[in-house]
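Novice: My questions are about this predicted structure, shown below with the sequence.
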Protein chains: 2
Amino acid sequence: MARAARTGYHHGALRQALLKHATKLLDKEGVEAVTIRAVARAAGVSHAAPINHFETRNALLTALATSFFDNLAADIDAHVQSADDKLARVRAFAVALVEYGLRYPQRYRLMWRRDLLLPDAALQLSMDGIYERLTAELSGVRRRHGKSTHTVATAMWSLAHGYISMRIDRMFEARTDEVTGQSRFEAMLDLLLGLAS
Amino acid sequence: MARAARTGYHHGALRQALLKHATKLLDKEGVEAVTIRAVARAAGVSHAAPINHFETRNALLTALATSFFDNLAADIDAHVQSADDKLARVRAFAVALVEYGLRYPQRYRLMWRRDLLLPDAALQLSMDGIYERLTAELSGVRRRHGKSTHTVATAMWSLAHGYISMRIDRMFEARTDEVTGQSRFEAMLDLLLGLAS
DNA sequence: CTTGCCATGTTGACATCGTCAATATCACGG
DNA sequence: CCGTGATATTGACGATGTCAACATGGCAAG
């Protein structure tokens, strides 16, 4: 299985092709454009062919989201590894998350569309992996306050997720004063981590 | 106009009725269930009747979201007014926001579905009103750090929005240790406001 | 080498949706 | 008393997800 060329009737590697075209459609036109039929058209197969590889549209979207979580995890690892200081690793985690969200807004949105994603072991695993990376990094940092690691993790996660969501939805567009973009987020992170100057 | 009883053919107060049934449908089954036809059925009119009051489905959803933002603003005002201390008012703002989001998850989700909401002056006004309340409360609070009011506002907003979103999507479900719910969020807020014990 | 099985594709159908156009009803102002 | 404009209805169209019936052909067992 997983052949490369199509034999005329059978495609040969439809699953991969579907995921590729679905991602392209998602990035370009948003999740609404990722219909089974549109993806099938893009791959040059009949409208019902995808059902052999993804039982429903939501199953396709779930597979997509899983792959995005894995990509994000890789990005995070790369960022974190290139930081020396323990605190810098924590910041690198958050920065990687924000960068991914702002770079691929449609993917990021899909990743949290609980109403579209099926309960799925693989997806859950990929998601949990990210959160575990965060708690792992945080547990190594000394704290002056009495909050638990989970509290700090939840706070950082919420801050980053909220910031990304609002930026994607252009909520801050009209009221950015001097500081914007990455440095804006890092200033917020300083606040949370008690590093405010 | 805005009569009460239906005359047999004409409804009399369809617009109100549509919004009421749409809200009920939304709370019960999510935004996907809020179709023009379903709302029309609930109101006991034909499938195309709503078009006289809302040009498209998204226009209906936009009107819904606007009313929710107004309700939220009222909730916030009530919470904030019952606090004496300036800092307590800021905390009351955040708590009101979180309470609303967790109380009406489907409404809260819809309020941020930029892909479903039309660019609309009334909606924008209602949204902006909320953010302005936050900056107004924040500008009265003394700060030890050098961050601007906007930075703190953005941070608080992001933290609350992220927390609500993740709670709605049950992201923290599996990993809540001792502290949960409201007190969990308040602990996070302490962190951000530099009140960590 | 042959044969038959079954994963993979195709075709056609159905219900549902948003939206539009044509038509019907009726409350109210002239 | 009448007709006109706002409001409802009916019917249609194309798009969608999904299912069932059928076609194709790669591959493994004989």
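Specialist: The structure has been received and is ready for your questions.
Novice: what number of residues lie near A:Arg144?
Specialist: Using other Cβ atoms under 10 Å in any protein chain shown, A:Arg144 has 8 other residues around it. (Glycine included, C-beta is placed from N, CA and C.)
Novice: just A:Asp120 next, same as before
Specialist: Other residues near A:Asp120 number 16, with proximity taken as other Cβ under 10 Å.
Novice: from memory it sits against A:Thr66, does it?
Specialist: Yes: A:Asp120 lies in contact with A:Thr66 (Cβ atoms under 8 Å); the separation is 7.1 Å.
Novice: Stretch A:48-68: end-to-end distance?
Specialist: In stretch A:48-68, first residue to last residue: 25 Å (Cα to Cα, to the nearest Å).
Novice: tell me which residues of it are tucked away?
Specialist: Within stretch A:48-68, the residues scored as buried using 16 or more other Cβ atoms under 10 Å in any protein chain shown are A:49-50, A:53-54, A:57, A:59-68.
Novice: Report the entries of the residues you listed that also contact DNA strand D.
Specialist: Contacts with DNA strand D are made by A:Arg57 out of the buried residues of stretch A:48-68, judged by Cβ under 7 Å from any atom of the strand.
Novice: What about the buried residues of stretch A:48-68, which are in helices?
Specialist: A:57, A:59-68 (DSSP state H).
Novice: and the residues you listed as TSV, adding pLDDT and distance to DNA strand C?
Specialist: Converted to TSV, those look like this (pLDDT from 0 to 100; distance: Cβ to the nearest atom of the strand, whole Å):
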residue	pLDDT	distance to DNA strand C
A:Arg57	98	13
A:Ala59	98	14
A:Leu60	98	13
A:Leu61	98	18
A:Thr62	98	18
A:Ala63	98	14
A:Leu64	98	18
A:Ala65	98	22
A:Thr66	98	19
A:Ser67	98	19
A:Phe68	98	23
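Novice: how about the residues of chain A near DNA strand D?
Specialist: A:3, A:7-10, A:35-38, A:47-48, A:51, A:55-58.
Novice: in which helix or strand would I find A:Ala122?
Specialist: helix A:121-139 (DSSP states H and E).
Novice: Mind listing what's buried along that helix?
Specialist: Buried residues in helix A:121-139, defined by neighbour count with 16+ other Cβ under 10 Å: A:123, A:126-127, A:130-131, A:133-134, A:137-138.
Novice: What lies in contact with it?
Specialist: Residues outside helix A:121-139 that contact it (Cβ atoms under 8 Å, 6 or more residues apart in numbering or on different chains): A:62, A:65-66, A:69-70, A:72-73, A:76-77, A:80, A:86, A:89-90, A:93, A:117, A:149-150, A:152-153, A:156-157, B:171, B:174-175.
Novice: which among those residues end up buried?
Specialist: When neighbours are counted using 16+ other Cβ under 10 Å, the contacts of helix A:121-139 contain these buried positions: A:62, A:65-66, A:69, A:72-73, A:76, A:80, A:89-90, A:93, A:117, A:149-150, A:152-153, A:156-157, B:171.
Novice: got the end-to-end distance for stretch A:108-126?
Specialist: Across its full length, stretch A:108-126 reaches 14 Å end to end, with Cα to Cα as the criterion.
Novice: With just CA atoms, put the very next helix or strand once past the helix holding A:Ala122 into PDB.
Specialist: Downstream of helix A:121-139, the first helix or strand assigned by DSSP H and E is helix A:149-168. Output of helix A:149-168 as PDB, limited to C-alpha atoms (Å, rounded to 0.1, in the frame of the first residue of the first chain):
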ATOM      1  CA  THR A 149       2.600  24.400  38.500                       C
ATOM      2  CA  HIS A 150      -0.800  23.600  37.100                       C
ATOM      3  CA  THR A 151      -2.100  27.000  37.900                       C
ATOM      4  CA  VAL A 152       0.800  28.700  36.200                       C
ATOM      5  CA  ALA A 153       0.500  26.300  33.200                       C
ATOM      6  CA  THR A 154      -3.200  27.000  32.900                       C
ATOM      7  CA  ALA A 155      -2.600  30.700  33.100                       C
ATOM      8  CA  MET A 156       0.100  30.700  30.500                       C
ATOM      9  CA  TRP A 157      -1.900  28.600  28.200                       C
ATOM     10  CA  SER A 158      -4.900  30.700  28.600                       C
ATOM     11  CA  LEU A 159      -3.000  33.900  28.000                       C
ATOM     12  CA  ALA A 160      -1.400  32.600  24.900                       C
ATOM     13  CA  HIS A 161      -4.600  31.000  23.500                       C
ATOM     14  CA  GLY A 162      -6.600  34.100  24.300                       C
ATOM     15  CA  TYR A 163      -4.100  36.400  22.700                       C
ATOM     16  CA  ILE A 164      -3.800  34.400  19.500                       C
ATOM     17  CA  SER A 165      -7.500  34.100  19.200                       C
ATOM     18  CA  MET A 166      -8.100  37.800  19.600                       C
ATOM     19  CA  ARG A 167      -5.300  38.600  17.200                       C
ATOM     20  CA  ILE A 168      -6.600  36.200  14.600                       C
END
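Novice: near chain B at all, the helix or strand following helix A:149-168?
Specialist: Under the assignment DSSP H and E, the closest C-terminal helix or strand after helix A:149-168 is helix A:181-193. Yes: counting by Cβ under 8 Å from any Cβ of the partner chain, chain B is contacted by helix A:181-193 at A:184, A:187-188, A:190-192.
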